[in-house]
Every structure is written in C-alpha cells, then in structure tokens.
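Chemist: got a predicted model here, sequence first, then my questions.
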Amino acid sequence: MTPRHLPPFAALRAFEAVARTLSFTRAAEELGVTQAAVSRQVRALEQALGVRLVDRLTARNALSAPGKTLFAALRDGMDCMEAGVQAVSSRAGQRTLTVSVAPFFSACWLTQRIMGFIEANPALDLRLQHSYEPPDYRRDHIDLGINWGDGRWSGVTAEKVFDGSLTPVCSPEFLNRCGKDFEPADLARQPLFCEFHQDDWVNWFQAAGVVLPDPPPATRIDDSHALRKVALEGHGVALFFRSLAEDDLAIGRLVQPFDLAVDTGCHYFLNYPSDRDLSAGGKRFQRWLRSEL
C-alpha cells in the first residue's frame with residue numbers, strides 16, 4: 001500500500017480549529033493548548049506547504065484561497081473520522097449530548113454549575129465544544145448551543161438566556177487615579193478597550209448623554225479573557241458584559257465608574273435547529289439551564 005504523504009496531524013488539527021473559529025485564541029481554548037502553540041503549528045504547516053493559509057489581519061483573521069481549499073477538505077475528513085470513532089467506541093450505546101458553548105460564558109458561568117447537570121444525568125455523555133457563533137446544524141454533529149450574537153440565525157430557534165449588555169469596568173486603583181470629580185465625559189480621555197465594535201463605546205456615551213465631536217479612540221481586544229485582564233491590571237476602562245462581571249464587581253476586583261449599561265442587541269442565546277425537535281437529553285439540558293438562570 002502506498003504510504004500517505006501528509007503533514008503532522010497536530011498541525012492539520014490546529015489549522016482546522018483556527019479556520020473554523022477564525023481565532024487563534026479560541027482554537028487554543030478548544031484544543032487545550034496555548035495560543036502560541038497553535039500559532040507555531042499553523043506557521044509550520046504553512047512553511048511545509050509553501051503557501052499562506054491564514055491572513056492575520058489587525059481586526060480579524062481570514063482564510064486565504066489555499067486556506068479555504070484545505071479547510072473544506074479537512075472539515076469533511078474530520079467529520080468522517082469523528083463518525084467512525086463514535087461508531088466503534090465502547091461507549092456507543094451511551095447517549096451523547098453535544099453542546100456548542102461560547103468560551104467565556106463556559107469558563108465564567110457554565111463550568112461552575114455543569115456538574116449539577118452531569119450528576120443528575122449519569123446516562124448522558126455530555127460534550128462541550130467552544131465557539132462564539134452557533135454551529136452549522138446541517139453539518140456539525142451538535143444538538144444545541146449557547147452562543148453569542150443577535151439571535152437572528154437562519155434555520156435556528158434562539159432563546160435569550162443571558163443578557164449581553166455592556167458596561168464600563170476598571171480596577172479600583174485605576175478609578176482612584178481618575179479623581180473624585182470624574183464624569184462620564186472624562187472617560188473619553190482615558191485608555192478605552194472593547195471586544196466587538198468601537199461603536200459600542202459611541203453608543204454608551206450617547207446613552208450617558210455625552211456628545212463627542214469624534215468617536216473616542218478605543219483598542220479592540222478580540223478575547224473576553226484578555227479584555228477582563230486588561231481591566232483587572234489597571235490598564236484602562238473596558239466595555240464588558242455586565243452580567244458576567246457580577247462576581248468581580250461583588251468582591252471589588254472590578255468597579256463600575258458609572259452604573260450604566262448599553263444594550264448592543266447581542267446576547268447569549270440557547271439555540272437549536274428549527275427543523276427538528278430537541279433530543280430527550282437536549283430538552284433536559286434546556287430545562288436545567290432555565291432553572292439555573
């Protein structure tokens with residue numbers, strides 16, 4: 001039999017995760033390795049193939065034409081491998097429930113509570129896959145998701161489960177340096193950070209009744225963990241999830257300069273395909289999630 005000539009599987013797997021999420025950080029979270037390790041694997045794959053696979057842009061990552069071609073082949077191949085593994089697994093008789101979960105929501109809220117669901121449903125093999133965007137239910141072997149967005153996804157039933165309103169947060173030390181007479185308009189002169197869109201800061205200032213001649217400069221950090229860390233370390237003011245900052249605010253790790261949140265229209269939604277019923281395990285997960293909320 002002719003031997004196969006393939007790059008190392010670890011590099012292919014790292015690229016597939018980056019291509020699917022368009023984020024080195026999210027790919028690293030999914031694979032359980034560091035972002036630097038994922039970056040090295042993808043770079044080594046590009047060098048081995050002699051082509052650029054990922055365009056590393058300032059605001060976002062994008063696949064090059066060769067990257068799109070390779071991703072399509074890897075996606076189909078890994079789907080087949082996953083199906084084969086499940087078919088021969090000794091646990092094949094056990095019911096599997098696969099849930100797509102936004103990474104920061106998983107780390108900040110779900111992980112602290114999920115053992116309650118697992119212990120109440122010992123016959124279910126629960127699998128969590130991290131992704132901010134909802135899965136492609138026509139292709140992905142996923143039952144339901146808790147994902148971030150506006151909830152207007154084609155072919156998907158979406159139920160808002162967690163508010164995504166954004167509020168300014170910073171460290172107590174940073175706020176002390178700002179002085180006692182700190183007003184909302186003064187925020188525009190401070191280092192500002194956001195995760196999604198700089199216009200989110202514009203909307204917040206408008207809600208605070210502040211008219212600015214120009215949009216305030218804000219650094220975009222496309223990762224909730226990193227954005228929270230920037231605020232905790234006192235580098236500036238981050239526009240962050242009010243609901244997911246509750247623990248930090250309660251114990252004083254973070255403070256709100258002003259108790260005002262802005263609704264951007266994006267929230268966390270429980271979602272599942274509209275053209276088929278949830279499985280029994282999916283319905284149990286839905287009921288459990290509602291009770292926890």
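Modeler: On my side now, so go ahead. Since the structure is predicted, the reported quantities are computational estimates derived from the model, not experimental observations.

Chemist: residues of stretch 136-146 that come out buried?
Modeler: 137, 140, 142-146 (16 or more other CB atoms under 10 Å). Any C-beta I mention is one placed from the backbone N, CA and C, and that applies to glycine too.

Chemist: hmm, I typed the wrong one, I wanted stretch 3-18.
Modeler: Going by neighbour count (16+ other CB under 10 Å), the buried part of stretch 3-18 is 11-18.

Chemist: before we move on, what about stretch 119-131?
Modeler: Across stretch 119-131, burial judged by 16+ other CB under 10 Å covers 121, 124-125, 128-131.

Chemist: again with stretch 283-292
Modeler: 284-286, 288-289.

Chemist: which other residues reach that stretch?
Modeler: 97, 99, 113, 116-117, 120-121, 124, 143-144, 146, 161, 270, 278 (CB atoms under 8 Å, 6 or more residues apart in numbering).

Chemist: the strands in the stretch 101-250 of the chain, which residues?
Modeler: Ranges of strands in the stretch 101-250 of the chain, per DSSP state E, counting those that start in this stretch, are 124-130, 144-149, 156-162, 166-169, 192-194, 218-220, 237-241.

Chemist: can you list contacts of the fifth one?
Modeler: By CB under 8 Å, 6+ apart, the list of residues contacting strand 192-194 from outside reads 166, 200-201, 216-221, 227, 230-231, 235-239.

Chemist: one more time with 6 Å, if that's ok
Modeler: 200-201, 216, 218-221, 230, 236-239 (CB atoms under 6 Å, 6 or more residues apart in numbering).

Chemist: ok, the third one next?
Modeler: Surrounding strand 156-162, the residues in contact under the criterion CB under 6 Å, 6+ apart are 134, 151, 243, 267-272, 274, 293.

Chemist: and the angle for it with strand 144-149?
Modeler: 70 degrees (axes from the mean of the first three to the mean of the last three CA atoms, to 10 degrees).

Chemist: list the buried residues in strand 156-162.
Modeler: 156, 158, 161-162.

Chemist: looking at the residues you listed, spot the one nearest F104.
Modeler: F162 (11.0 Å; CB to CB).

Chemist: and the helices in the stretch 151-293 of the chain, which stretches?
Modeler: Counting by DSSP state H, counting those that start in this stretch, one finds helices in the stretch 151-293 of the chain at the ranges 172-178, 199-207, 224-232, 246-250, 280-292.

Chemist: CSV for the ones you listed, including mean pLDDT?
Modeler: Formatted as CSV, these follow (pLDDT from 0 to 100):
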stretch, mean pLDDT
helix 172-178, 93
helix 199-207, 93
helix 224-232, 92
helix 246-250, 90
helix 280-292, 92
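
Chemist: and the residue nearest to G151 when sequence neighbours are not counted, how far is that from S165?
Modeler: The shortest distance from G151 to any non-neighbouring residue, by CB to CB, 6 or more residues apart in numbering, is to A158 (3.8 Å). For A158, the distance to S165 (CB to CB, to the nearest Å) stands at 17 Å.

Chemist: repeat for G50
Modeler: Applying CB to CB to G50 and S165 gives a distance of 47 Å.

Chemist: more crowded one of the two?
Modeler: Comparing G50 with S165 by other CB atoms under 10 Å, the one with more neighbours is S165, at 15 against 7.

Chemist: who's in contact with the more buried one?
Modeler: S165 neighbours (CB under 6 Å, 6+ apart): 242, 261, 263.

Chemist: from those, keep the buried residues only.
Modeler: Of the members of the contacts of S165, the ones counted as buried by neighbours, 16+ other CB under 10 Å, are 242, 261.
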